[in-house]
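Enquirer: Task: produce atomic coordinates for the following.
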Amino acid sequence: MSPFKIICMKLKKVFSAATILSVVLLGSCKKDQQTSSPAATPPVDNSIHSAARTSPLTTVNLGVAGNFAILSETGVTDVYKSAITGDVGSSPITGAAVLVSCSEVVGNIYTVDAAGPLPCRITSASMLTTAISDMQTAYTDAAGRSNPDFLNLGAGLIGGLTLQPGLYKWTSALLIPTDITIHGSSTDIFIFQIDGTLAMSNAVNITLTGGVLPKNIFWQVAGAVTLGTTSHFEGIILGQTAIAMQTGASINGRTLAQTAVTLQMNTVTQP
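Expert: Sure, this is the predicted structure:
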């Protein structure tokens, strides 16, 4: 064999070995990249949303409005039979616009004149004027709280969430399409600012856990409020417009409306 052929055979072996080595090295690099890359980010658990406040929220002072389970400026309509525990009042509209009957109320019905339901109606125009003024002041207070802990949470859809204490703000409508939980202690304050409407779907429930009290939950709503059929709501509604409870809906709290409150066989229990 000529020296030239011998050299060629050696070169082939060298290049063959180099090729094999390259494949092995590239494979090792690829494997190393796979093992050293961070794991895929797990889905975010949206069931609890945390916030850090420098100081706790203070309550919204309802003043004399806090004596009422239902308070409105333009009347209270009713489809019999509702069950209301707490006082009912309306001003400045005449008592003829308060359509709940005495048998539906465990408490007093206050009107500005003698046109209200008998025999439980109490005429107290001056007290009602103060209550309405305090309701409006409370609405302004709740709406004016700044630096929300949560802004547009869930893009206005909060079904399935567990909410902790804090100031929440939505710059448009809020829908509660499925059950939610409000969690905290008996001293924790929740303020929900809603620039649009508030709607709760049929048969949806709000559940309180950890000792949260309805009297410490404030829903400030610029638009109309609608609580769906057989739904259950917790907290104090400060509505700039109407509050409508559909058939069989219930609330542990207060419905304080700057227009009307409409009832359809509902249960309203003041805190």
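
Enquirer: after the lowest-mean-pLDDT helix or strand in the chain comes which helix or strand?
Expert: Lowest by mean pLDDT, DSSP states H and E among the helices and strands of the chain is helix 3-36, with a mean of 43. Next helix or strand after helix 3-36 toward the C-terminus (DSSP states H and E): strand 68-72.

Enquirer: What lies in contact with the next helix or strand after that following strand?
Expert: Later in the chain than strand 68-72, the nearest helix or strand by DSSP H and E is strand 76-79. Strand 76-79 is contacted from outside by 70, 88, 90, 97-101, 104, 247, 260-265, using C-beta atoms under 8 Å, 6 or more residues apart in numbering. For glycine as for every other residue, the C-beta is placed from the backbone atoms N, C-alpha and C.

Enquirer: Kindly recompute the last result at 10 Å.
Expert: Contacts with strand 76-79, where a contact means C-beta atoms under 10 Å, 6 or more residues apart in numbering, come from 70, 82, 84, 88-90, 93, 97-101, 104, 109, 242-247, 255, 257, 260-266.

Enquirer: For ChimeraX, what selects the buried ones among these?
Expert: Of those, the buried ones go into a single ChimeraX selection, burial set by 16 or more other C-beta atoms under 10 Å:
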select :70,82,84,88,89,90,93,97,98,99,100,104,109,242,243,244,245,246,255,257,260,261,262,263,264,265,266
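
Enquirer: just checking, which of the contacts of strand 76-79 belong to strands?
Expert: 70, 84, 88-90, 109, 243-245, 255, 257, 261-264 (DSSP state E).

Enquirer: Among those residues, pick out the one closest to Thr207, please.
Expert: Of all the ones in strands among the contacts of strand 76-79, Met245 has the smallest distance to Thr207: 18.5 Å, by C-beta to C-beta.

Enquirer: Quickly list what that closest one is bridged to.
Expert: Counting by DSSP bridges, Met245 forms beta bridges with Leu227.

Enquirer: Wait, it touches Gly253, no?
Expert: No - contact criterion C-beta atoms under 10 Å: Met245 and Gly253 do not qualify, at 11.4 Å.

Enquirer: intersection of neighbour lists for those two?
Expert: With C-beta under 10 Å, 6+ apart as the test, Met245 and Gly253 both reach Phe233, Ile237, Val268.

Enquirer: Quick one: these as JSON lines, columns for secondary structure too.
Expert: Shown next, in JSON lines, are those (DSSP: H, G, I helix; E, B strand; the rest coil):
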{"residue": "Phe233", "secondary structure": "strand"}
{"residue": "Ile237", "secondary structure": "strand"}
{"residue": "Val268", "secondary structure": "strand"}
